[in-house]
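Asks: I would like the atomic coordinates for the input below:
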Amino acid sequence: MAPRPHWIFGDQLGPHFLDPRHGGPDAKAPVVMIEARSALRRRRFHRAKAHLVLSAMRHRAAELGDRVTYVRAETYAEGLERAVGLRAPRRPGGAGAEDAGRAERSGADARLTVCHPTSRPALAFVNGLDGVEVLPAKGFLVPRDDFEAWAGHSGGRSLRMEGFYRWVRGRHDLLMDGDEPAGGTWNLDHDNREPPPRGHDTLDVRGPWQPREDSIDEEVRRDLDRWERDGDVSFVGRDGPRRFPVTRREALSALRHFTTHRLPDFGRYEDAMLAADPVMSHSLLSVPLNLGLLDPAECVERAEQAWRAGDAPLNSVEGFVRQIAGWREYVWQLYWHFGEDYRTRNALRHTTPLPDWFLDLDADAVTANCLSTVLAQVRDTGWTHHIPRLMVLGSRALQDGWDPAAATDWFHRCFVDGYDWVMLPNVVGMSQYADGGLMTTKPYTSGGAYIHRMSDLCGPCAYRPTDRTGDHACPYTTGYWAFMDRHRTLLSANHRTARAVKGLDRLKDLPELLETARRRGASPP
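Replies: Residues are numbered from 1 along each chain as shown. The predicted model follows:
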C-alpha cells in the first residue's frame, strides 16, 4: 500500500517534520505544500515577512524535488482539492468559514497526514477535514500532555515561567550537573542586565550571519510586487535584502556563527539597546526556529557544548537557554493551556484604537527618539529584540490604553518571527497585562529613566527623561505616571506596584502631568 501524502505548513520546514523515527510520516510519503494567497489577504503583513515565508516554502519545495506537490492556490481548501482530491466546502458565513467545515473525500487516495499546526484556526481547519490524521506537534521540547500533567500537579502554585523553566532543565538535562544546575544557580539574570558600554555606538562583536539572496528570492519579490500593483494584497514595511535563513543549511550556518562568534558576549548586554546596533549580540534565531528550520534541542545543546568547552561564559549560555527552553517553550504551552478565550482578555479595559502612524510604521512622524528609532527598525527589517518590543513598543501601547487585541494583531503582522502562538501570550499576557496577572506578576512599563539607563537613545532626543510636564516632557515618563494614576486602585493592591502607586501622592505636578498626557492624545509623541 502506498504511503499517505503528508501536508506541511509554511512553519514546518525542517527535516524533523518528515522524520518517521520521531512520529513523522512514512519515509517515502509524498509531500504536499500549499501556498494560499488568502493567507496574505487576511492581514496587512510586513512585506519582509511575506517574502521570508514564501522564500522559505519555495526553497523547501526545491529541495524536496519530485517528492513534493507544490500548489499555488487561493485558499488551503482549493489547494487540498487540487493536490489530493480533498474537498472542504465552505459553510455560510463568509471569509474563514472553510475553517469550520467538514471535508468530503473524493477517492480512496485522498487521505493524508499533517503534523499538529501551530495555531488554533489552523488546527480547527485540519480537524474539520475528513480522513486526515493529525500527528503530534514538533519543533518544541515538551509534549503538550506532559505540560498539562506538570500544570495539574502544581499543587495550586501559579504557572510562572521560572518553575516551568527549572522543570524543563531537569527533564532534559540542560545545563545540569547531576541534580543541580550548572554553576549552582538556576537564574543568572542579574549578570545579564548591564547597560550598553558608554561611548560606544556598537558592541565590539562580530556581526550577525548574513544570507545571500538567489533566484528564488528574486521570483518571490517579483510576485509580491505584481500582487501589490494589482491591488491583490497590501503590506506595511520595507522588503530590503533578506536578513534571515530560509533553508536548513542557512539555519545551521546561522546557529554555528552565533554560538562561535556572538554567544560569548550575549548575556552581558542582553537587555541593552544601542541606536546604531539594533541586533547587539542577539542570535536572530527566532526566525528559523519559528519556521521549523531549527529544532530547539539542537540550539540549546550547541550552546551548552560551547560552555562546557570553555568557549562561552555561563551567564551568556544560561540566558540563551532560558530564552529557548524557558520562555519560547513556556509561551507555546500557555497558548494552548489558556484556551481561545484568552484572546479576548482585557483586564485593564483598554479600548483605544491603534493610531494610524503606528499602524503604518511611520517612524518619521515620531519625535521621541527611542520610539522613532525602534519603529524604524520594525519598518525596515520586521525585527527588534525583546527589550524594544516590551519596553518601547509594548509600553507605549500599555500607557496609552490601546486595545490589547489590536496590539496583538499588530505584533503578529509586523514581526518576521510573529505567529499567533508567539504573540498571543507575549502581548496579551507579558506586554499588555490584559490577562490580569495570569502570566506575569505586574505590568511591564516604565518611565524614561529606564530607557535612558539601558540605551543611548535619550541623549539626542527632544524630550528629557526626567521631565514629566512642559515642552520637553518625556512621553514615557508622563505616560508611566498617567498609567499608574488611571489604574491606581488595581495597582495599589499588587505588592510589586503598590510602592510606585504611593509615589503618585508625592507628585505635586500630577494634575499638570495628566493634562500633558491628555493633550497629546493619539498624536505621535
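
Asks: give me the beta-bridge partners of Leu86?
Replies: Note on Leu86: beta-bridge partners by DSSP bridges are Arg105.

Asks: Let me see the ranges of the helices in the stretch 201-350 of the chain.
Replies: Here the stretch 201-350 of the chain has its helices, by DSSP state H, counting those that start in this stretch, at 215-229, 248-257, 286-290, 296-308, 314-321, 329-337.

Asks: right, so the ones you listed: which one is the most enclosed?
Replies: Highest mean neighbour count among the helices of the stretch 201-350 of the chain (mean count of other Cβ atoms under 10 Å): helix 314-321, with a mean of 25. Any C-beta I mention is one placed from the backbone N, CA and C, and that applies to glycine too.

Asks: Just send the helices of the stretch 201-350 of the chain back as TSV, with distance to His495 and mean pLDDT too.
Replies: TSV is the format used below for the helices of the stretch 201-350 of the chain (distance: least, Cβ to Cβ, whole Å; pLDDT from 0 to 100):
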stretch	distance to His495	mean pLDDT
helix 215-229	50	97
helix 248-257	41	98
helix 286-290	33	98
helix 296-308	33	97
helix 314-321	27	96
helix 329-337	23	96
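
Asks: what sits against Phe338?
Replies: Contacts for Phe338 (Cβ atoms under 8 Å, 6 or more residues apart in numbering) come out as 425, 435, 438.

Asks: now do Asp11
Replies: Asp11 is in contact with 53, 118, 139, 290-292, 419, counting by Cβ under 8 Å, 6+ apart.

Asks: one step back: ok, of the contacts of Phe338, which one's closest to Ser455?
Replies: Pro425 (25.9 Å; Cβ to Cβ).

Asks: Start and end of stretch 286-295, how far apart?
Replies: Using Cα to Cα, to the nearest Å, one end of stretch 286-295 lies 11 Å from the other.

Asks: same deal with stretch 113-122?
Replies: Start-to-end, stretch 113-122 (Cα to Cα) is 14 Å.

Asks: same deal with stretch 124-141?
Replies: 23 Å.

Asks: what is the rounded mean pLDDT of that stretch?
Replies: Mean pLDDT, computed over stretch 124-141, is 92.

Asks: buried set for it?
Replies: 125-126, 128-129, 132, 137-141 (16 or more other Cβ atoms under 10 Å).

Asks: Just name the closest of these to Asp225, please.
Replies: Closest to Asp225, out of all of these and judged by Cβ to Cβ, is Phe125, at 29.5 Å.

Asks: Could you check how far the helix or strand hosting the closest one is from the centre of its chain?
Replies: In this assignment (DSSP states H and E), Phe125 forms part of helix 120-127. Chain-centre distance of helix 120-127: 20 Å, with Cα atoms, centre = their mean, to the nearest Å.

Asks: Packing partners of that helix?
Replies: strand 132-135 (3 or more Cβ pairs under 8 Å, 6 or more residues apart in numbering; DSSP states H and E).

Asks: ok, and for the helix or strand following the strand it packs on, which residues are buried?
Replies: Heading C-terminal from strand 132-135, the first helix or strand you meet, by DSSP H and E, is helix 144-152. Within helix 144-152, the residues that count as buried by 16+ other Cβ under 10 Å are 144, 147, 150.

Asks: And for stretch 181-196?
Replies: Buried, per 16+ other Cβ under 10 Å, within stretch 181-196: 181-182, 186, 188, 191-193, 196.

Asks: What is the nearest of the buried residues of helix 144-152 to Ala272?
Replies: Nearest to Ala272 among those: Phe147, at 32.2 Å, using Cβ to Cβ.

Asks: Contacts only, for the closest one.
Replies: 164, 333, 337.

Asks: so how far is Leu510 from the second one?
Replies: Put plainly, it is Gln333. As judged by Cβ to Cβ, to the nearest Å, Gln333 and Leu510 stand 41 Å apart.

Asks: End to end on stretch 387-400, go ahead and measure it.
Replies: Stretch 387-400 has its terminal residues 18 Å apart, counting by Cα to Cα.

Asks: Return, as residue ranges, the portions of the stretch 1-150 of the chain with sub-threshold pLDDT.
Replies: Within the stretch 1-150 of the chain, the ranges that satisfy pLDDT under 70 run 1, 88-110.

Asks: What are the boundaries of the strands in the stretch 151-300 of the chain?
Replies: Under the criterion DSSP state E, counting those that start in this stretch, strands of the stretch 151-300 of the chain are mapped to 176-177, 180-181.

Asks: want to throw those into TSV with distance to Thr69 and mean pLDDT?
Replies: Shown next, in TSV, are the strands of the stretch 151-300 of the chain (distance: least, Cβ to Cβ, whole Å; pLDDT from 0 to 100):
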stretch	distance to Thr69	mean pLDDT
strand 176-177	44	94
strand 180-181	48	95
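
Asks: so of the ones you listed, which one's packed in deepest?
Replies: strand 180-181 (a mean of 15).

Asks: got a list of contacts for that strand?
Replies: Against strand 180-181 from outside (Cβ under 8 Å, 6+ apart): 166, 169, 175.

Asks: Do you know the pLDDT at the closest residue to the last one other than its chain neighbours?
Replies: Meaning Leu175. Excluding its sequence neighbours, the residue lying closest to Leu175 (Cβ to Cβ, 6 or more residues apart in numbering) is Ala182, at 4.3 Å. For Ala182, the model assigns a pLDDT of 93.
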